[in-house]
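Peer 1: Dropping the sequence and predicted coords here.
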Amino acid sequence: HYPGRAALPYARDGHDPDVTWERIGVLARMARGGETPPLVVASAAAVAAHTLRPADLGRGPGAVARGARLGLEAFALDLVEAGYEMAPLVEAPGQAARRGGLVDVYPPGAPAPVRVEFFGPEVDSIRTFDPETQRTTGTLDEVRIGPATEWFPTREEVNRLADHLDEVTSREARDELHLLRAGTLSAPDFTGPMAVDATILDHLRRDWLLVLDEREAVEAACADLDDLAGERRDELAKRGELDARAPFQHEHAGALRVAIDAHAARVELGRWVTGAEPAAVRVPFRQADAYAGRLTDAARDAYRQQQRGDRLVVVTQQAQRYAEILREEGIEASVTERVPERPARGTVALLQGTLPEGWVIQGPDGIIALQTDRELFGFVKRRRTLRQRAATHRSRFLAEVSPGDFVVHADHGIARFGGIIKREVDG
């Protein structure tokens, strides 16, 4: 999933770093490609949002392998230039920390942070570790470390943005403008999307398939985003917090339409397509019929489907009850725990469980239908799961470490854990 930003257009606060790291992680997986292209799902707003260019994915140390001669200073400098936040302790993606010959770094999209140990200029070891306990969890021969931010504008782009923000009057906005004039991208989450104009569409390879679900709805959503951004810009301009000429932080609807049309490998899905339109194909897939509690009607239709040779699978939390109703309509369907990979034609399989919703698909050898509680009853009852309270950072650490174990101290680096001593304070 490639997420969009939850913050309002031109918001200076409220940006979720997890969303940024997730977006970068998706783009990095797209860049790696492979024989099978990744399946990426994104909303219209997420696609329109500006992001880093494909070339900027090469920022950072890149592939780091054991035995490589990188130099600790050069490695740390690459991390800073790639947008990593230098912190005392690495606990979240986008952070890095240096202690002696050790550099901890948490690349966005990585399953865990890594600890790179240097022996002189050479990478001696690469280990994964738990960000809560800071204890080693595994070893690696190689790790890929890419950028930690989406914003790498050129000096020309920064200067052009400053020219479009020249009429701001509020103190905060004037301070940001002053930094921009000096070549510094102030408030990156605010100014970055205005300076850079790439989108996820720039990361699509020419032979990858672009699927649009309801193009009219996508274009309407993009137009709404343009309107919202325009209103916000005008409102902030009246207060002197933004210039009325400020660029959008997303690709406007017209430009996005051009970019979509330029991608030849494209499929557009639409619910009102008849199949008679040029190059149109009717997809043999539809929603399952809904009964809203009319179980007898559902059972009668199931009998007709069975006689017709259809394959029907029913997943419901009322399996035993529905089995009795099916039996009254002449269908013997016992409750099972699993369905064969390919049910036989003219069969009804009944499973105890829950799924979000059903569907019907017409295949070359007949119809396969899935029904759920949403179709049978009109809703899906969700079971509440009791969450166990997670152990705190300190309690987890104390439960796992023993006297004599090596540990990493936030300030002093590697040490040996000696144990816990209880002392009386003030008598």
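Peer 2: Sure thing, it's come through.

Peer 1: Helices of the stretch 251-400 of the chain, start to end?
Peer 2: 253-261, 295-308, 319-328, 373-377, 393-400 (DSSP state H, counting those that start in this stretch).

Peer 1: Using a markdown table, lay out the ones you listed together with distance to G120.
Peer 2: (Each C-beta comes from the backbone N, C-alpha and C, glycine too.) Shown next, in a markdown table, are those (distance: least, C-beta to C-beta, whole Å):
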| stretch | distance to G120 |
| --- | --- |
| helix 253-261 | 48 |
| helix 295-308 | 72 |
| helix 319-328 | 66 |
| helix 373-377 | 63 |
| helix 393-400 | 31 |
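
Peer 1: Tell me the buried residues in stretch 48-62?
Peer 2: Residues of stretch 48-62 classed as buried under the neighbour-count rule (16 or more other C-beta atoms under 10 Å) are A48, A49, H50, T51, L52, R53, D56, L57, R59, G60, P61.

Peer 1: who's in contact with A97?
Peer 2: Neighbouring residues of A97 by C-beta atoms under 8 Å, 6 or more residues apart in numbering: M86, A87, P88, L89, V90, V103, D104, V105.

Peer 1: now, the most widely separated pair of the buried residues of stretch 48-62?
Peer 2: Between any two of the buried residues of stretch 48-62, the greatest separation by C-beta to C-beta is 31.2 Å, found for A48 and P61.

Peer 1: And the next helix or strand past the strand or helix carrying V26?
Peer 2: Using DSSP states H and E, V26 falls within helix 17-32. Using DSSP H and E, the next helix or strand after helix 17-32 towards the C-terminus is helix 44-48.

Peer 1: quick one: contacts of that following helix?
Peer 2: So helix 44-48 is contacted by 2-5, 23, 199-201, 217-218, 221-222, 225, 250-251, 253, 256 (C-beta under 8 Å, 6+ apart).

Peer 1: can you check stretch 250-269 too?
Peer 2: Against stretch 250-269 from outside (C-beta under 8 Å, 6+ apart): 9, 45, 47-50, 193, 197, 199, 201, 204, 206-215, 219, 222-223, 225-226, 229, 283.

Peer 1: Neighbours of G353, how many?
Peer 2: 11 (other C-beta atoms under 10 Å).

Peer 1: Show me the beta-bridge partners of the closest residue to it other than its chain neighbours.
Peer 2: Distances taken as C-beta to C-beta, 6 or more residues apart in numbering put V315 closest to G353, at 5.0 Å, once the chain neighbours are dropped. Beta-bridge pairing for V315 (DSSP bridges): L351, T372.

Peer 1: Tell me the span between the first and last residue of stretch 282-289.
Peer 2: 19 Å (C-alpha to C-alpha, to the nearest Å).

Peer 1: Other residues contacting that stretch?
Peer 2: 269, 273-275, 301, 357-363, 369-372, 375.

Peer 1: related to what we said a few turns ago, can you flag the buried ones in the contacts of helix 44-48?
Peer 2: 2-5, 23, 199-201, 218, 221-222, 225, 250-251, 253, 256.

Peer 1: Lowest-confidence one in those residues?
Peer 2: In terms of pLDDT, R5 ranks lowest among these, with 88.

Peer 1: isn't that one right next to H15, touching?
Peer 2: Yes - if you go by C-beta atoms under 8 Å, R5 and H15 touch, sitting 6.8 Å apart.

Peer 1: Retrieve the pLDDT associated with V267.
Peer 2: Value for V267, per-residue pLDDT: 89.

Peer 1: try V196
Peer 2: 94.

Peer 1: what sits against V339?
Peer 2: Per C-beta under 8 Å, 6+ apart, neighbours of V339: V313, A349, L351.

Peer 1: which stretches of the chain have low pLDDT?
Peer 2: Along the chain, segments meeting pLDDT under 70 span 274-275, 380-400, 406, 408-414, 426-427.

Peer 1: now do 80
Peer 2: Applying pLDDT under 80 to the chain flags the ranges 14, 33-35, 271-283, 340-342, 379-427.

Peer 1: For the stretch 51-200 of the chain, which segments count as strands?
Peer 2: Shown for the stretch 51-200 of the chain, the strands assigned by DSSP state E, counting those that start in this stretch span residues 62-65, 85-86, 95-99, 102-105, 114-119, 122-129, 136-140, 142-145.

Peer 1: closest one to R32 among those strands?
Peer 2: Between the strands of the stretch 51-200 of the chain, strand 142-145 lies closest to R32; by C-beta to C-beta that is 8.4 Å.

Peer 1: How far away from the center of its chain is that closest one?
Peer 2: 20 Å (C-alpha atoms, centre = their mean, to the nearest Å).

Peer 1: For that strand, give me every contacting residue.
Peer 2: So strand 142-145 is contacted by 28, 60-66, 79, 82, 105, 107, 110, 114, 116, 126 (C-beta under 8 Å, 6+ apart).

Peer 1: List the buried residues for that strand?
Peer 2: Neighbour-count burial for strand 142-145 [16+ other C-beta under 10 Å]: V143, I145.

Peer 1: Parallel or antiparallel, which strands does it pair with?
Peer 2: strand 62-65 (antiparallel).

Peer 1: So which bits of the partner strand are buried?
Peer 2: V64.

Peer 1: Make 747 the starting number, not 1.
Peer 2: Noted, 747 is the first residue going forward, which turns the last one into strand 808-811.

Peer 1: before we move on, the earlier item: quick one, which of the strands of the stretch 797-946 of the chain gets closest to E1087.
Peer 2: E1087 sits nearest to strand 882-886 of all the strands of the stretch 797-946 of the chain, at 34.9 Å, using C-beta to C-beta.

Peer 1: Which strands and helices lie in contact with that closest one?
Peer 2: In this structure, strand 882-886 makes packing contacts with strand 868-875, judged by 3 or more C-beta pairs under 8 Å, 6 or more residues apart in numbering; DSSP states H and E.

Peer 1: returning to that earlier point: pipe the buried residues of stretch 794-808 into TSV and attach distance to A1090 per row.
Peer 2: Shown next, in TSV, are the buried residues of stretch 794-808 (distance: C-beta to C-beta, whole Å):
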residue	distance to A1090
A794	47
A795	48
H796	53
T797	49
L798	52
R799	53
D802	54
L803	49
R805	56
G806	54
P807	56
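
Peer 1: Mind checking which of these are in helices?
Peer 2: A794 (DSSP state H).

Peer 1: Let me know the distance separating A842 from K1168.
Peer 2: Applying C-beta to C-beta, to the nearest Å, the value for A842 to K1168 is 36 Å.

Peer 1: neighbour count winner among the two?
Peer 2: A842 (24 against 4).

Peer 1: and the more buried one, what are its bridge partners?
Peer 2: Bridge pairing for A842 - DSSP bridges - gives M832, V851.
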